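Any chance you can model this:
(chains A and B)
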Amino acid sequence: MAQVNQTYASTRRRRAAAVSFRVGTLLALALVVGPALWLVLGVVVRAVPHWRWNVLTTLSQGTSGGLANAVVGTLVLMAGVAVIAGTIGVLTGIHLAELATSSRSGALARGAIDILAGFPSIVLGYVGYIALCVGLRWGFSLLAALLILSLMVVPYIAKSTESALRQVPTNYREGAEALGMSSGYALRRVVLRSALPGIVTGLLIALSVAGGETAPLLYTAGATNNLPTFSLLHQPVAYLTYYVWTDYNQPSDAAHYVSYDAALILVVLVLAMLAIARIIVARTQRHSETSR
Amino acid sequence: MASWIPIGGLIVVLVILVIKAWPAIIVNGVGFLKNSDWLPGNTYGAVVHTHGVAHPSGSNYGAWPLIAGTLETSIIAVVIALPLAVGAAFALTERMPAWLARPLGFLVEILAGLPSVVIGLWGVLEVGPFLAHHVYPLVADHVPNVGPLRYLKGPVGYGEGLLTSGLILGLMIVPIIASTTRDLFLQVPALPKEGAEALGLTEAEVARRVTIPWVRSGIIGATVLGLGRALGETMAVAMISGSVLGKVSPTIYGTMTTIAATIVSQLDSAATDGTGFAIATLAEAGLILAVIALGVNLVARTIVSRSGRLAAPVGRG
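Numbering: from 1, shown residues only, chains lettered A, B, ... in the order given. Next up, the predicted model:
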């Protein structure tokens, strides 16, 4: 009898554990998704009621006015990062996946990329300020900001490029070789082409990271209420995150509005980039399924 | 050849950091790691020399509160983020219909992509006040006043401080751990799981005895990577911590600051120090942060590479 009771108790305990596990995992998901929704909606609710579209077309006056200079500045920074970090990152990824698969320099580069990916961004910004803005007398400038931002996001691009190239099926390469293509030609026409969606997705995510950065920019890009100029040196560049950071605790409502508007534009920008990346991934998956 | 650029960039950054920090390392000495003062001295007054390095008279720097604040917020963040991330990854991969799992997964992804300054804005304007009014008082009033639990008692403040910073950091690193964990769970072959279930194990027991052990070291590696991210996070903490220099917070609710937040908020005023000593001291703080982050990164790499060898490739069921 005691034996039966014990078994029964343990069954009940197991059932309770199973239910609490199910509830616990759903609760954990709710505690992640809930704040994420609160965060996005919180920014929308703060910015939308007083939103005026001319924010996008008028220049900032610091704690009031529009954000045209910051929007253009952020886009210029993202474009510059796409060129500099895109080139270095994609080439590094190709090198790691195709040429340095098991060499010593490949291992070294992978280590450096992992360390850079986890490197505190404010320390990179600090070094940029000391070495480029002060040391080389560039002042707050586009080039200093671009170099530091690029150094920061190259690891993302290199890693996603490497893994996209590794996922290209081996029989593509074998087929290209069987057709007598040189390895360089096969890389360009066959391998890179089928890895392109993965590479572009990584690039988009890296750009959204670059567009949302603040710490490495504060002391390299500086601050200005003017539109970006075409000079690489000695001219500060405006960017959206700066206005979120400086205006949220200013005493005037106008300043708060500038801060919330900048936050809203940043959220929309990031959502757009992530959505595009998603669409690219979904498209290519559908294609690969039909082609099989 | 392009892969030499990241290597070169990293080396240049580290060399500049050490060169810039060197005068501060000489003057501040070992005491920098345990003192609590953060006194720039009289930057418009007399210049004195210690060990041949010029610095303003009365300057005295100690980084202990910053180091402690960095470690405390990051530990809170990991303690919060690990169960949430693993639980959420479970909920998303096991037995959730795709039409629901996909948008919820996208929300988690969004959390990873939002700028930290926006998360800081939300944290300081909405989360901090909410927690300080509705949650912290409940905890502080009902926790028994014994032993280490006293850390949870005392004035709860206005929502800017150690606990709020740690919680927000935790939310920020959840996507890092959750996305890795989700991918790992999807790689666990169905056969052992189905076998365990056929033997009568409940869902919870399958998770505890099959799924999690299968991918444990991968989860640990992702957690340590998240820890590295939390250690170096700047803007959110600079906005939420209260940015109070000079002392370690006596309770979990108190205002404080971290190394990264101090560098971003003090560099402006440090540039007014004509001797350059304040800048050098910030470089030394940055060097300490970089060393901590490098250490964490090496640990994560070791764990992940070991897990890569150990993960037994079993064909799909």
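
hang on, A:Thr241 packs against B:Ile119?
No. A:Thr241 is beyond contact range of B:Ile119, at 11.4 Å (criterion: Cβ atoms under 8 Å). (Each C-beta comes from the backbone N, C-alpha and C, glycine too.)

so where is the chain shaky, pLDDT-wise?
Just so you know, I chose chain A. By pLDDT under 70, the low-scoring segments of chain A are A:1-9, A:285-292.

actually it's chain B I care about, not the one you picked
Within chain B, the segments meeting pLDDT under 70 span B:1, B:306-317.

where do the helices sit along it?
B:4-28, B:64-93, B:98-113, B:116-122, B:128-130, B:136-142, B:162-187, B:190-198, B:203-206, B:212-232, B:235-240, B:259-270, B:277-310 (DSSP state H).

Can you tell me which of those is most buried?
helix B:235-240 (a mean of 29; mean count of other Cβ atoms under 10 Å in any protein chain shown).

tally of neighbours for the closest residue to chain B within the stretch 1-150 of chain A?
Using Cβ to the nearest Cβ, the closest approach of the stretch 1-150 of chain A to chain B is made by A:Ala28 at 2.6 Å. Neighbours of A:Ala28 under the rule other Cβ atoms under 10 Å in any protein chain shown: 21.

residues contacting it?
By Cβ atoms under 8 Å, 6 or more residues apart in numbering or on different chains, the contact set of A:Ala28 is B:83-88, B:90-91.

Let me know the closest of these to chain A.
Nearest member of those to chain A, counting by Cβ to the nearest Cβ, is B:Gly87, at 2.6 Å.

for the residue nearest to the closest one when sequence neighbours are not counted, helix, strand, or coil?
Nearest non-adjacent residue to B:Gly87, counting by Cβ to Cβ, 6 or more residues apart in numbering or on different chains: A:Ala28, 2.6 Å away. Here A:Ala28 is helix, with the state taken from DSSP: H, G, I helix; E, B strand; the rest coil.

ok, so what distance separates A:Ala28 from B:Leu84?
5 Å (Cβ to Cβ, to the nearest Å).

do the same with B:Asn297
From B:Asn297 to B:Leu84 the distance is 23 Å (Cβ to Cβ).

repeat for A:Ser20
Taken as Cβ to Cβ, the span from A:Ser20 to B:Leu84 is 16 Å.

Flag every residue of the stretch 101-250 of chain B that's near chain A.
Within the stretch 101-250 of chain B, the positions near chain A by Cβ under 8 Å from any Cβ of the partner chain are B:104, B:106-111, B:113-122, B:124-127, B:171, B:174, B:178, B:202-205, B:207, B:225, B:228-229, B:231-232, B:234-235, B:239.

wouldn't A:Ala36 be in contact with B:Leu107 here?
Yes. If you go by Cβ under 8 Å, A:Ala36 and B:Leu107 touch, sitting 4.8 Å apart.

Identify the residues contacting the nearest residue to B:Ile5 once chain neighbours are set aside.
Using Cβ to Cβ, 6+ apart and skipping the chain neighbours, the partner closest in space to B:Ile5 is A:Ile88 (5.1 Å). With contact taken as Cβ under 8 Å, 6+ apart, A:Ile88 is in contact with A:150, A:154, A:157-158, B:2, B:5-6.

Kindly recompute the last result at 10 Å.
A:150-151, A:153-154, A:157-158, B:2-3, B:5-6, B:9 (Cβ atoms under 10 Å, 6 or more residues apart in numbering or on different chains).

most neighbours, which of these?
Busiest of those [other Cβ under 10 Å] is A:Ala158, holding 33 neighbours.

what about that residue, distance to B:Gly128?
A:Ala158 sits 37 Å away from B:Gly128, taking Cβ to Cβ as the criterion.

Check B:Ile252 too.
14 Å.

Name the residues contacting each of those two.
Going by Cβ under 10 Å, 6+ apart, residues that sit against B:Ile252 and also against B:Gly128 are B:136, B:161, B:163-164.

Now those residues in JSON lines, please, with extra columns for distance to A:Ala178.
Shown next, in JSON lines, are the shared contacts of B:Ile252 and B:Gly128 (distance: Cβ to Cβ, whole Å):
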{"residue": "B:Tyr136", "distance to A:Ala178": "68"}
{"residue": "B:Gly161", "distance to A:Ala178": "65"}
{"residue": "B:Leu163", "distance to A:Ala178": "63"}
{"residue": "B:Thr164", "distance to A:Ala178": "62"}
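
Torsion angles phi and psi at B:Glu94?
Here is the backbone geometry of B:Glu94 (degrees, to the nearest 10): phi -100, psi 120.

Can you give me the neighbour number for it?
B:Glu94, neighbours per other Cβ under 10 Å, totals 16.

before we move on, what about A:Ser10?
Neighbours of A:Ser10 (other Cβ under 10 Å): 10.

chain center to the one helix or strand it maps to, what's the gap?
Applying DSSP states H and E as the criterion places A:Ser10 in helix A:2-47. Relative to its chain's centre, helix A:2-47 lies at 31 Å (Cα atoms, centre = their mean, to the nearest Å).

No further queries at this time; thank you.
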